[in-house]
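1. structure of the sequence below:
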Amino acid sequence: MKSNLIKSQKYAGVYYNKLDNGDKSFYITYKDLNKKKVWTKIGLYSSGIRESYCSTKRAEVINLMKLGESPNIIKNNRTEKEVITFGAIADEYLQYKKNKLTAGSIREITSKYKNHIEPYLSNKDIESITKSDIENIVEQKYKQLANKTLNIITDLIGTIFNFAIENDKYKKDNPAVKAYRYPVDNNRERTLTKDEIKKLIEAVKEKDNLTYIFTILSLSTGGRINTICNIQKKHIDLSSRIIKLKDFKNNKTYSGYIKKEYLQTIEEHIKHLEPNDYILGEGDLVKKVQRRLRPILDELFNQGLDSKDSKNRFVIHSLRHTFATQLILNQTPIFIVQKLLNHSDIKMTMRYINIDSYFMRDYVDEVY
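-> So this is what the prediction gives:
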C-alpha cells in the first residue's frame, strides 16, 4: 500500500490522500488480470468525488475483469496510462484487413486468431506481453499442429504487434521477432499412384457430394483448397471444359480444365445453380471440406504415421502435388505443367521432376 494514503474505514479498496491545500485525492486499488496490484486515481474531493463513488467505480472495474475484460484506464499516484489490450489491437487489425484481403483469406486469418491466440492474449495488456508468453502459447500446441502452422501463429502475433507499432499504440520492440520458429520441411514426398487415386475417388463418392466434387476438381485442376472452394457456376464453361480459377496466393486468375470423364458429373451438379452460386454450397467451405475429407485421407493413407510426419502423410494439399506428379509422369512438357499449376517461377515446377525416381530410370534405360 502507498505509505501516504489513508485507508477508508467503510469501503474496501478505497484510499485517500490529504493534500497540503486541504483537499483530498481519492484512489482505488485492485489486482489486474495478471494478478498485479494496480492503483487508480479517481479524483479530488473538491471535484465532488466521495468514498461511496470510489467504491462504485472499483466494483465496476472488478466486474469487468470477472468478465475477462480490462478496464480502459489505469492510473497510479504519479502517472496516467491508457491500457490497450492485445485483443483490441487484433480487432482493429482484422477490421483493417477486411478491405485489403479476400473473404477467404480473412476467414483463415480470423480462424487462426480466434482458435490459437485469442484465448491466451486477448485480455492481456499489450505492453506486458513477452517473447516467452508467445513461445509458451505455441509450445502448448506443439503436439496438435504442424510446425508450419505453429510458425504461422507466431508470425500472426508479430504482424498484430507491427500493426500496433505502425499506429503508435505500442512503443517497444516487437516481442515476436525473436520468438523461436520451428524447423519446417516443405517438401512433401507422398503423392498418390493411379490405383490410389481411384481408391480415393471411390471412397469420397460414397461419403457425400461435396467431398466428391471437391476431390475430382482438385485432381483435375491441381487447385489449392481456397481456389476450389471459391469456384462459382459462372466460372465454368462446359463446352470448352475450362474453369476460371482464382489463385489467392498470387492474387491471379488462371484456367483449369475439367477431366473429360467428370464432365457429365459436373454438368449434372451445377445445372440447378444460379451463376453466382458457389458450386460447393454456402458457409465456411474450407472448414467443411477439411472436416469431411481429412478422416478419409487418414484412414486410407496415413495409418500408423506420426501427425508431424509431413513428408509421408497425405493431406488435402497433397492432391495438388499428386496432380503435378501425374502430369510429369505422363511426360507433360514442363512449361505446360507450370501453366496448369499457375507457378510464377519455373523453378517451383521443376521440383516435381525429381519426385519419382522410376520415371528417371526409364530414361536411363533408353540411353543406348
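
2. give me the buried stretch members for stretch 310-317, please.
-> Buried residues in stretch 310-317, counting neighbours by 16 or more other CB atoms under 10 Å, are found at 310, 313, 314, 315, 316. The way it works is simple: take the backbone N, C-alpha and C, and place the C-beta from them, glycine included.

3. kindly export that stretch (C-alpha atoms) in CSV.
-> The C-alpha coordinates for stretch 310-317 follow below in CSV (Å, rounded to 0.1, in the frame of the first residue of the first chain):
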residue,chain,number,x,y,z
SER,A,310,4.9,-34.1,-43.2
LYS,A,311,7.0,-36.0,-45.7
ASN,A,312,4.9,-39.2,-45.7
ARG,A,313,1.4,-38.1,-44.6
PHE,A,314,-1.1,-37.5,-47.3
VAL,A,315,-3.1,-34.3,-46.7
ILE,A,316,-5.5,-32.2,-48.7
HIS,A,317,-2.8,-30.1,-50.3
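
4. need the max-distance pair from the buried residues of stretch 310-317.
-> Distance extremes for the buried residues of stretch 310-317: the farthest pair is 310 and 316 at 13.0 Å, using CB to CB.

5. doesn't residue 221 make contact with residue 243?
-> Yes: with contacts counted by CB atoms under 8 Å, residue 243 reaches residue 221, the gap being 6.3 Å.

6. between the two, which contacts overlap?
-> The contact sets of residue 243 and residue 221 overlap at 256, 257, 258 (CB atoms under 8 Å, 6 or more residues apart in numbering).

7. for the second one, what are its contacts?
-> What that stands for is residue 257. 220, 221, 241, 242, 243, 340.

8. how about a cut-off of 7 Å?
-> 220, 221, 241, 242, 243 (CB atoms under 7 Å, 6 or more residues apart in numbering).

9. what about residue 341, distance to residue 258?
-> Residue 341 is 16 Å from residue 258, where distance means CB to CB, to the nearest Å.

10. ugh, wrong one, I meant residue 316
-> Distance from residue 316 to residue 258, by CB to CB: 20 Å.

11. now the helix or strand where residue 58 lies: average pLDDT?
-> Assigned by DSSP states H and E, residue 58 belongs to helix 51-66. The average pLDDT for helix 51-66 rounds to 84.

12. all strands in the chain, in order from the N-terminus.
-> For the chain, the strands defined by DSSP state E occupy 6-7, 14-18, 24-31, 37-44, 73-75, 80-82, 236-237, 242-247, 252-257.

13. worst mean pLDDT among those strands?
-> Note on the strands of the chain: lowest mean pLDDT is at strand 73-75, with a mean of 45.

14. could you find the closest non-adjacent residue to residue 314?
-> Leaving aside its chain neighbours, residue 314 sits nearest to residue 301 (4.0 Å; criterion: CB to CB, 6 or more residues apart in numbering).

15. low pLDDT regions in the stretch 101-250 of the chain?
-> Across the stretch 101-250 of the chain, the ranges flagged by pLDDT under 70 are 185-188.

16. circling back: turn the shared contacts of residue 243 and residue 221 into JSON lines, including distance to residue 88.
-> Below are those laid out as JSON lines (distance: CB to CB, whole Å):
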{"residue": "256", "distance to residue 88": "42"}
{"residue": "257", "distance to residue 88": "47"}
{"residue": "258", "distance to residue 88": "47"}
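
17. go through these and name the one nearest residue 191.
-> residue 256 (18.5 Å).

18. is it correct that the closest one is in contact with residue 243?
-> Yes: counting by CB atoms under 7 Å, residue 243 is a contact partner of residue 256 at 4.6 Å.

19. identify the contacts common to those two.
-> residue 221.

20. contact partners of the helix ranked longest in the chain?
-> Among the segments of the chain that qualify as a helix by DSSP state H, the longest is helix 147-166. Residues from elsewhere that reach helix 147-166, judged by CB under 7 Å, 6+ apart: 89-90, 93, 109, 112-113, 116-117, 126, 134, 138, 141-142, 170, 174-177, 179, 181-184, 308.
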